[in-house]
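Visitor: Fold the stuff below for me.
(chains A and B)
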Protein chains: 2
Amino acid sequence: MKFELTILGCGSAIPTLRHGSTSQILEHHSQLYLIDCGEGAQLQMRKYKIRFLKINHIFISHNHGDHCLGLPGFLSSLHLLGRTRGLDIFCQSGLREAVEYQLKISHSRLRYPIDWHILNPEEKELIYENKNIEVHSFPLNHRVPCCGFRFSEKEKLRNIKPDVIQKYNIPIPRIRQIKAGSDYKLDDGTTIENKDLTYEPEPPLSYAFCSDTAYDLRTANYVRNVDLLYHESTFLDEDTKRAEDTYHSTATHAAQVAKQANAGKLILGHYSARYRNEELFEEEAKKIFDRVQIGAEGLVVKVGSNKYSAL
Amino acid sequence: MKFELTILGCGSAIPTLRHGSTSQILEHHSQLYLIDCGEGAQLQMRKYKIRFLKINHIFISHNHGDHCLGLPGFLSSLHLLGRTRGLDIFCQSGLREAVEYQLKISHSRLRYPIDWHILNPEEKELIYENKNIEVHSFPLNHRVPCCGFRFSEKEKLRNIKPDVIQKYNIPIPRIRQIKAGSDYKLDDGTTIENKDLTYEPEPPLSYAFCSDTAYDLRTANYVRNVDLLYHESTFLDEDTKRAEDTYHSTATHAAQVAKQANAGKLILGHYSARYRNEELFEEEAKKIFDRVQIGAEGLVVKVGSNKYSAL
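Guide: Take a look at the predicted model:
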């Protein structure tokens, strides 16, 4: 089951040629989730061959332009590409009206329905689930209402031991029940216990996205034991005061949250345009938390693995 | 006096890796005019080393996203770069409110004033002038209210003949008057006629921008004798019906307008994403009008010259 993050953009508010605005694609079990959609996100999707029409759910952390200004253009593109299937958008209050006003002045009427879900920036909430995954939003500490998102796999089915189906002549319709934990009764009345038929499933994995936030260890509670954590690191230590003033984090802050949360791996991003060398972010973070990787456009990271590759 | 067009983007509604959304920079006498501002325009400005803070006037032809969705992000960037000087924006009704709503939901307050000028999409109007140039908007024939823009140099001062200043001992304060057409009276009462002191100035040049429009020969009246004409050519002849249905033009249409207007040179652009070979646009247009060039990102064209270079 594929569970993979692709970074489309990991710059901050002022655009540069080095980094695009914040946007990510999370792929899980053939579903593509779009997380934040800064200006130019759709061009990055083109570049990394993301299929627009496979995206059915969009999660926008907050209303700052570098996280949402790509949304109207992307929604228009879906319309022009012939989408008719409904789309779910999870966002802060106000964004829906901004998008709808933009569509109105361009005399555009999308030919697909949008189901808008307004986030609660005050508390952790389950905002979406399907049979494989659940998504929670949780509060971040920024200048405007802002949420992080945690994508958590549900418990997976147990794995059938390789020989038992043949050995006990188990009919196919029963296999799913056994994977779900049932024992199996033979024709002679003997019960084979589930533990003798199956072994433990893969542990469920999770990814958490912390877009823009001041250093706040409460965040660690929301992302406890997450396998992969993206946490913004707009600044380096030398600009800690500026990070505090602007409700952003340093690489050290991000590492402290990852350590406190016992995260499997930390991805950094949202670098201020003032810096030219992202390796300094990694260096600073590694003093606190070793399993860190600098985010970059086109980076693909498997959730639950330390393997990664650049597109 | 520099008078030069830089194409930032010349694609149409669906973004591709080949072409960006419509946006151009016109430089005249050290002033930078931004014409249309599709999504990603500010990144193109970065790429082509356009200095954001030198732009004081923005002209937006209409409210379709591929011509205006880059505006909120660009305005925010100006703020973040410390702009305090006022900015003039010329646009259709509604765009101001869309931009202001976007700024409001992001809790942003720009630290520079914007003077919004709402275009009249029904008639030609003088919308801006300074001592060197005047700008007219004129109606285009599109699905939504849409204007073209014509940037016309004012009459230039006459050129002083190289030897006369010394010959007649003309004081510096009088030179501008003579350049403006005055005769010069010597101390002995003799009048030297202006025609003996000066020669003809360079002819005033002009550039016209026709963003999105159905084929409409009325356009030729508005761009009569223009030195450089940008006219959209979304489609090729084979898709003429589609051009008509969507109020767009073909390369042939653009060439017909250029020919009818007696334009000095025609630049094509706004290519539909369906085509892969822009040379076909040039081929079709050349059957009607010879002085044609295919627009491309980074193309720089001097107004009034057939010389050009790619950045």
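Visitor: gap between the most far-flung residue of chain A relative to its centre and chain B?
Guide: Using C-alpha atoms, centre = their mean, the residue of chain A lying farthest from its centre is A:Asp188. It sits 49.9 Å away. A:Asp188 sits 66 Å away from chain B, going by C-beta to the nearest C-beta, to the nearest Å. All C-beta atoms are positioned from the backbone trio N, CA, C, and that covers glycine.
Visitor: ok, which stretches of the stretch 101-250 of chain A are helices?
Guide: Listed in chain order, the helices of the stretch 101-250 of chain A (DSSP state H, counting those that start in this stretch) span A:164-168, A:172-179, A:194-197, A:218-222, A:240-245.
Visitor: The spatially closest residue to A:Gly20 that is not a sequence neighbour: how many residues sit nearby?
Guide: Leaving out its chain neighbours, the residue that sits closest to A:Gly20 by C-beta to C-beta, 6 or more residues apart in numbering or on different chains is A:Gly9, at 3.0 Å. Other residues near A:Gly9 come to 29 when the count uses other C-beta atoms under 10 Å in any protein chain shown.
Visitor: can you check A:Gly304 too?
Guide: 19.
Visitor: Help me confirm that it comes into contact with A:Phe3.
Guide: Yes: counting by C-beta atoms under 8 Å, A:Gly304 sits close enough to A:Phe3 to count as a contact (6.7 Å).
Visitor: between these two, what contacts are shared?
Guide: The overlap between the contact sets of A:Gly304 and A:Phe3 (C-beta atoms under 8 Å, 6 or more residues apart in numbering or on different chains) consists of A:Leu205.
Visitor: Which positions in chain A make contact with chain B?
Guide: Proximity of chain A to chain B is confined to A:13-17, A:20-21, A:39-40, A:42-43, A:46-47, A:63-66, A:69-70, A:72-73, A:76-77, A:80-81, A:92, A:94-95, A:97-98, A:101-102, A:104-108, A:143-144 under the rule C-beta under 8 Å from any C-beta of the partner chain.
Visitor: For the residue farthest from the centre of chain A, which residues are in contact?
Guide: For A:Asp188, no contacting residues are found, by C-beta under 8 Å, 6+ apart.
Visitor: before we move on, back to that, highest average neighbour count across the helices of the stretch 101-250 of chain A?
Guide: helix A:218-222 (a mean of 19; mean count of other C-beta atoms under 10 Å in any protein chain shown).
Visitor: what are the C-alpha coordinates of that one, in CSV please?
Guide: Taking C-alpha atoms only, helix A:218-222 is exported to CSV below (Å, rounded to 0.1, in the frame of the first residue of the first chain):
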residue,chain,number,x,y,z
ARG,A,218,1.6,21.4,22.4
THR,A,219,2.0,20.5,18.8
ALA,A,220,4.0,17.5,19.9
ASN,A,221,0.8,16.1,21.5
TYR,A,222,-1.0,16.2,18.3
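Visitor: Now do it: everything it contacts.
Guide: Everything outside helix A:218-222 that qualifies as a contact, by C-beta under 8 Å, 6+ apart, is A:124, A:136, A:138-141, A:148, A:150, A:208, A:210, A:213, A:231, A:257, A:260-261.
Visitor: try it again with 7 Å
Guide: Residues outside helix A:218-222 that contact it (C-beta atoms under 7 Å, 6 or more residues apart in numbering or on different chains): A:Lys124, A:Phe138, A:Leu140, A:Gly148, A:Arg150, A:Cys210, A:Thr213, A:Val257, A:Gln260, A:Ala261.
Visitor: With pLDDT and neighbour count added, can I get these in CSV?
Guide: Shown next, in CSV, are these (pLDDT from 0 to 100; neighbours: other C-beta atoms under 10 Å in any protein chain shown):
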residue, pLDDT, neighbour count
A:Lys124, 98, 15
A:Phe138, 98, 23
A:Leu140, 98, 27
A:Gly148, 98, 27
A:Arg150, 98, 21
A:Cys210, 98, 31
A:Thr213, 97, 27
A:Val257, 98, 28
A:Gln260, 97, 17
A:Ala261, 97, 23
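Visitor: out of those, what pair is the most spread apart?
Guide: Spatial extent of the contacts of helix A:218-222 (C-beta to C-beta) is set by the pair A:Lys124 and A:Gln260 at 16.6 Å.
Visitor: neighbours around A:Asn63, how many?
Guide: By other C-beta under 10 Å, the residues close to A:Asn63 number 24.
Visitor: my guess is the residue nearest to A:Gly20 contacts A:Gly38, does it?
Guide: Yes: if you go by C-beta atoms under 7 Å, A:Gly9 and A:Gly38 touch, sitting 5.6 Å apart.
Visitor: who touches A:Lys185 in this structure?
Guide: Here A:Lys185 is in contact with A:Thr191 (C-beta under 7 Å, 6+ apart).
Visitor: Identify the bridge partners of it.
Guide: A:Thr191 (DSSP bridges).
Visitor: ok, it to B:Asp216 distance?
Guide: Using C-beta to C-beta, to the nearest Å, A:Lys185 is found at 81 Å from B:Asp216.
Visitor: One more: A:Ser305?
Guide: 59 Å.
Visitor: more crowded one of these two?
Guide: More neighbours surround B:Asp216 than the other of A:Ser305 and B:Asp216, with 18 against 14 (other C-beta under 10 Å).
Visitor: Let me see the contact set for the closest residue to that one other than its chain neighbours.
Guide: Of all residues beyond its chain neighbours, the one nearest B:Asp216 is B:Asn141 (4.2 Å), with distances taken as C-beta to C-beta, 6+ apart. Contacts for B:Asn141 (C-beta under 7 Å, 6+ apart) come out as B:Thr213, B:Ala214, B:Asp216, B:Tyr247.
Visitor: and with 10 Å instead?
Guide: Going by C-beta atoms under 10 Å, 6 or more residues apart in numbering or on different chains, B:Asn141 touches B:Cys210, B:Asp212, B:Thr213, B:Ala214, B:Tyr215, B:Asp216, B:Arg218, B:Thr219, B:Tyr247, B:Ser249.
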